[in-house]
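[1] Need coordinates for the following:
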Amino acid sequence: MKNILTALSVSVAGACLGVPASWAESAHHMMTTPDELKWADVPSVPAGAKVAVIEGPLNEAVPITFRLKFPADYKLPAHWHPGIEHVTVISGTFHMGAGDKLDASKTKPLSAGSVAIMQPKTNHFAWTKEETIVQVHGVGPWAINYVNPADDPRKK
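    Prediction:
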């Protein structure tokens, strides 16, 4: 009887919060520290950047979370994503702007703790002066499409 009441309480709480009862009953927790992240090259952006996937996979229609580490003096040409992109600056300063071509004079410096939300298919670009780490989250699949196809490192 106690197990039935517990299950019923979880189901009601899940319904009230807008999450399915199955999620509430089988949720898995994930905890990690920065030193546990596994960094890898990112073939879809110019050389030098690294990615650490926290939640994914990035190519499926599931919640995704990953970090991007950009070296000093990095330039990310104008591009867009098919889904919404939530960016939180973890360290350094990420200079972001919107438009069809990277223009440093049209960027906003986002320091650690800053947030940017880019709607699907919004052309935007970024650059760094110092090593900068950002965290991106949203719902996959994640993809990057360059405004100018010549900027796409996968085509070089």
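[2] From here on, just use CA atoms for contacts and neighbour counts.
    Noted.
[3] Name the spans of this structure whose pLDDT lies under the cut-off.
    Residue ranges of the chain with pLDDT under 70: 1-27.
[4] give the contact list for the residue nearest in space to the middle of it.
    Centroid-nearest residue in the chain, with Cα atoms, centre = their mean: Val136, separated by 1.6 Å. Counting by Cα atoms under 8 Å, 6 or more residues apart in numbering, Val136 makes contact with Ile64, Thr65, Phe66, Arg67, Leu68, Glu85, His86, Val87, Thr88.
[5] Start and end of stretch 71-84, how far apart?
    For stretch 71-84, the separation between the terminal residues is 24 Å (Cα to Cα, to the nearest Å).
[6] That one: how far from the chain's middle?
    11 Å (Cα atoms, centre = their mean, to the nearest Å).
[7] Same check on stretch 89-108?
    Computed by Cα atoms, centre = their mean, the chain-centroid distance of stretch 89-108 equals 16 Å.
[8] buried stuff in it?
    Neighbour counts over stretch 89-108 (16 or more other Cα atoms under 10 Å) mark 89-104, 107 as buried.
[9] Distance to Pro149 and neighbour count added to the contacts of Val136, as JSON lines?
    Compiled in JSON lines, the contacts of Val136 are given as follows (distance: Cα to Cα, whole Å; neighbours: other Cα atoms under 10 Å):
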{"residue": "Ile64", "distance to Pro149": "26", "neighbour count": "20"}
{"residue": "Thr65", "distance to Pro149": "26", "neighbour count": "20"}
{"residue": "Phe66", "distance to Pro149": "24", "neighbour count": "19"}
{"residue": "Arg67", "distance to Pro149": "24", "neighbour count": "21"}
{"residue": "Leu68", "distance to Pro149": "22", "neighbour count": "22"}
{"residue": "Glu85", "distance to Pro149": "21", "neighbour count": "21"}
{"residue": "His86", "distance to Pro149": "24", "neighbour count": "17"}
{"residue": "Val87", "distance to Pro149": "24", "neighbour count": "22"}
{"residue": "Thr88", "distance to Pro149": "27", "neighbour count": "21"}
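[10] Name the nearest of those residues relative to Asp35.
    Arg67 (12.7 Å; Cα to Cα).
[11] Perfect, I'm done here.
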